[in-house]
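A.B. asks: With the input below, show me the fold.
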Amino acid sequence: MRNVKRELLNLLKMAYQERVEAREELQKLIKKLTPPTLVEVHSMMMIPAPTKANSSIYNEYGFR
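C.D. replies: The predicted structure is shown next:
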């Protein structure tokens, strides 16, 4: 009887581990197949604004 219980517990542990692994693989697939959210797209498209090299230099018209 003890061997049967031990065997059942081992099978239960294996099934639980397989379920965890399957869930992780599913999450990877979902992440890979899901289109990016609007926030992700926006952050990918943001271009930093150019900075002024020296604000004390005037252009040809006298404006900064």
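
A.B. asks: In stretch 10-26, which residues are buried?
C.D. replies: In terms of neighbour count (16 or more other C-beta atoms under 10 Å), stretch 10-26 has no buried residues at all. Where C-beta positions appear, they are placed from N, C-alpha and C, glycine not excepted.

A.B. asks: Mind checking the pLDDT average for it?
C.D. replies: Stretch 10-26 carries an average pLDDT of 96.

A.B. asks: Can you pull out the residues in contact with that stretch?
C.D. replies: Residues outside stretch 10-26 that contact it (C-beta atoms under 8 Å, 6 or more residues apart in numbering): none.

A.B. asks: helix or strand for Val20, which one?
C.D. replies: When secondary structure is defined by DSSP states H and E, Val20 falls within helix 2-33.

A.B. asks: for Pro35, same thing?
C.D. replies: Secondary-structure assignment from DSSP H and E places Pro35 in no helical or strand segment.

A.B. asks: Local confidence estimate at it?
C.D. replies: Per-residue confidence (pLDDT) for Pro35: 79.

A.B. asks: same thing with the one 3 residues further on?
C.D. replies: Among the per-residue scores, Leu38 holds a pLDDT of 64.

A.B. asks: what do you get for the one 5 residues further on?
C.D. replies: In this model, Ser43 is scored at 64, pLDDT.

A.B. asks: Over to Lys31?
C.D. replies: Among the per-residue scores, Lys31 shows a pLDDT of 88.

A.B. asks: Now for Leu33, how many residues are close by?
C.D. replies: Using other C-beta atoms under 10 Å, the number of residues around Leu33 comes to 7.

A.B. asks: mind checking how far it is from Leu26?
C.D. replies: Leu33 sits 11 Å away from Leu26, going by C-beta to C-beta, to the nearest Å.

A.B. asks: Now for Lys28, how many residues are close by?
C.D. replies: For Lys28, the count of nearby residues is 10 (other C-beta under 10 Å).

A.B. asks: same thing with the one 3 residues further on?
C.D. replies: The number of residues packed near Lys31 is 8, by other C-beta under 10 Å.
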